[in-house]
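*Asks:* Next one to model:
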Amino acid sequence: MGKRPEKIVIGARLRRLRQTLGLTQAQMAQDIGVSSSYINLIEANQRPISAKLLIRLTEVYDFNLSQFSTKDMQLQSDLEASLKDPVFGLSSIPRSEIEDIVNASPPIARALLTLYERYRLLALNKASSQISLSDRDKVEILEQSARPVEEVRAYFHAQRNHIKSLDDAAEQLAEEIGIWRNEPQIVLSDRLREHHGFRVRILPHTVMGSQLRSFDSHRKHLNLSELMDQPGRRFQIAVQLAFLEFSDLLDKEIDSAAFSLEARSLAKISFANYFAAALLMPYSRFLTACENLKYDVEILGQRFGTSYEQTAHRLTTLQRPDARGIPFFFVRVDRAGNISKRFSAGKFHFSKFGGTCPLWNIHSCFENPDRVQTQIVRMSDGTTYFSISRTVSRYSGSYEQPSTKMAIGLGCDLAYASRLIYARHLNVEAITPTEIGVNCYLCEKPECASRAFAPLNRTLVFSERDRRMSIFDFS
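*Replies:* Numbers count the residues shown, from 1 in each chain. The predicted structure follows:
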């Protein structure tokens, strides 16, 4: 038997929409051609809304259907993780109740998270006052540096990792310079020289040291390290063009987002990086190539002159309302499992705390460098994803300082697997998904031999007589 379609229950969101429009239930019912009692039942969550009526609402009131998405996985994940803190004194909250809170009022859920974050900062300050001065300084520096990163990440997540103004400007410039008509680095270097009077120089790593890009405004040079490969050099030239030609646009986006003073510099760099990727991989051309090549990351990189990481990251940004690609998530981890970059255009939920699940094959990539591995994973809430993982080298190395290997995880909801070349020869319906959690701290799966930490807010049980598969037994 086929899977029954999920019922769409949107009572609180429909009520907010109606109240925002200043309509009574009777007026809305008349607009969309149903009875007022039916609107009342939907708002009370006593009736699900049909897909036909949902589409009718979007036509009459001209809003994005994604506003009625019944699941904000990242918000639910963050709220669930926060409520497990012992400070709340809660034993265990069913995931269905957390989903109800988020669906009923996302602003209140976000406000609760903001309040919890401020509590954590106060607790961290109090703890730091009880340790040595040098260690307290380190804690305060870590605390200060983490906030801008989380602020910028939250902004990109709220935008579904797509910034229209930057994409449009980059695509227009790509058309103007015809970046695909010649070797991209030549085209970009010519633009930099002819319009701004700067020349690109590739300098020895003994001269550049730890710098990859150095902008010398006095000598009119853009210096790039020899340690970068061609895709890296192209990207850095594109970043510099973003700063030179579109600084006002970057500032405008920053102002509209109302970033804090500490986050503005990081946001500008992030926006310039976004622009550079959009310039090298112009939206319309790139999306067309993605669909034709079934999202083959390696071939796409060859076609657009970009690295595997640049290409995979760009896939998460293809969310233009009138021309959407597959909503991918992206994560970059090191050998120790530390997450250094994460983005999601879909519903995949990351945690702010801890690493990733050891059962996810992104960690086994290091055993087979530069080879793509696939896996079907299922989260504890039942959502299932098709995952693609591969290692990359960040920059070229030397004998004395070898290059650093990182692992890239790319994935999407299993429903999109048929559009991927990686699933072409797989019978995904016959494959049993690997059950994974967000990370060990937030996963309550018992008897997991790969568990590295006990779950938060669960009582550990120790027995002298028994030895279980997991070293952590809890109740």
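*Asks:* Residue 328 contacts residue 412, correct?
*Replies:* Yes. With contact defined as C-beta atoms under 8 Å, residue 328 counts as touching residue 412 (5.1 Å). Backbone N, C-alpha and C define where each C-beta goes, glycine included.
*Asks:* When these two are compared, which one has more neighbours?
*Replies:* residue 328 (29 against 26; other C-beta atoms under 10 Å).
*Asks:* do you know how far the more buried one is from residue 376?
*Replies:* Using C-beta to C-beta, to the nearest Å, we find residue 328 at a distance of 15 Å from residue 376.
*Asks:* now the strands for the chain?
*Replies:* Ranges of strands within the chain are 199-203, 213-216, 221-225, 319-320, 323-324, 329-333, 339-344, 373-378, 384-393, 405-413, 434-435, 460-461, 473-474, based on DSSP state E.
*Asks:* Could you dump the ones you listed into JSON lines and include distance to residue 235 and mean pLDDT?
*Replies:* Shown next, in JSON lines, are the strands of the chain (distance: least, C-beta to C-beta, whole Å; pLDDT from 0 to 100):
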{"stretch": "strand 199-203", "distance to residue 235": "13", "mean pLDDT": "95"}
{"stretch": "strand 213-216", "distance to residue 235": "9", "mean pLDDT": "93"}
{"stretch": "strand 221-225", "distance to residue 235": "10", "mean pLDDT": "95"}
{"stretch": "strand 319-320", "distance to residue 235": "21", "mean pLDDT": "90"}
{"stretch": "strand 323-324", "distance to residue 235": "24", "mean pLDDT": "90"}
{"stretch": "strand 329-333", "distance to residue 235": "15", "mean pLDDT": "91"}
{"stretch": "strand 339-344", "distance to residue 235": "14", "mean pLDDT": "83"}
{"stretch": "strand 373-378", "distance to residue 235": "26", "mean pLDDT": "92"}
{"stretch": "strand 384-393", "distance to residue 235": "14", "mean pLDDT": "93"}
{"stretch": "strand 405-413", "distance to residue 235": "16", "mean pLDDT": "92"}
{"stretch": "strand 434-435", "distance to residue 235": "34", "mean pLDDT": "87"}
{"stretch": "strand 460-461", "distance to residue 235": "47", "mean pLDDT": "66"}
{"stretch": "strand 473-474", "distance to residue 235": "46", "mean pLDDT": "65"}
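*Asks:* Which among these is found nearest to residue 106?
*Replies:* Across those, residue 106 has its closest neighbour in strand 339-344 (16.5 Å, C-beta to C-beta).
*Asks:* neighbouring contacts of the closest one?
*Replies:* With C-beta atoms under 8 Å, 6 or more residues apart in numbering as the test, strand 339-344 has contacts from 74, 153, 156-157, 161, 313, 316, 327-334, 350, 355-356, 406.
*Asks:* 10 Å instead, please
*Replies:* Contacts with strand 339-344, where a contact means C-beta atoms under 10 Å, 6 or more residues apart in numbering, come from 73-74, 153, 156-157, 160-161, 309, 312-313, 315-317, 327-334, 348, 350-352, 354-356, 394, 406, 408-409, 411-412, 439.
*Asks:* re earlier: shared neighbours of residue 328 and residue 412, anything?
*Replies:* 295, 315, 316, 344, 345, 346, 348, 385, 386, 388, 420.
*Asks:* So the last one is in contact with residue 295, correct?
*Replies:* Yes. The pair residue 420 / residue 295 is scored as a contact, 5.2 Å apart, by C-beta atoms under 10 Å.
*Asks:* which residues are common contacts for those two?
*Replies:* What both residue 420 and residue 295 touch, as defined by C-beta under 10 Å, 6+ apart, is the set 326, 328, 388, 410, 412.
*Asks:* Tell me the one among these nearest to residue 202.
*Replies:* residue 410 (30.3 Å).
*Asks:* Run a quick neighbour tally on the closest one.
*Replies:* For residue 410, the neighbour count with other C-beta under 10 Å is 27.
*Asks:* now residue 256
*Replies:* 9.
*Asks:* how near is it to residue 267?
*Replies:* Computed with C-beta to C-beta, the distance linking residue 256 and residue 267 is 11 Å.
*Asks:* Need the overlap of contacts for those two.
*Replies:* Applying C-beta under 10 Å, 6+ apart, one finds that no residue jointly contacts residue 256 and residue 267.
*Asks:* could the shared contacts of residue 420 and residue 295 be laid out in CSV, adding distance to residue 45?
*Replies:* Formatted as CSV, those follow (distance: C-beta to C-beta, whole Å):
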residue, distance to residue 45
326, 31
328, 32
388, 37
410, 36
412, 29
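*Asks:* Of those, which pair is most distant in space?
*Replies:* 326 and 388 (11.4 Å).
*Asks:* what touches both of the two?
*Replies:* With C-beta under 10 Å, 6+ apart, residue 326 and residue 388 have common neighbours 295, 411, 412, 420.
*Asks:* Can you tell me which of those residues is closest to residue 10?
*Replies:* residue 412 (23.9 Å).
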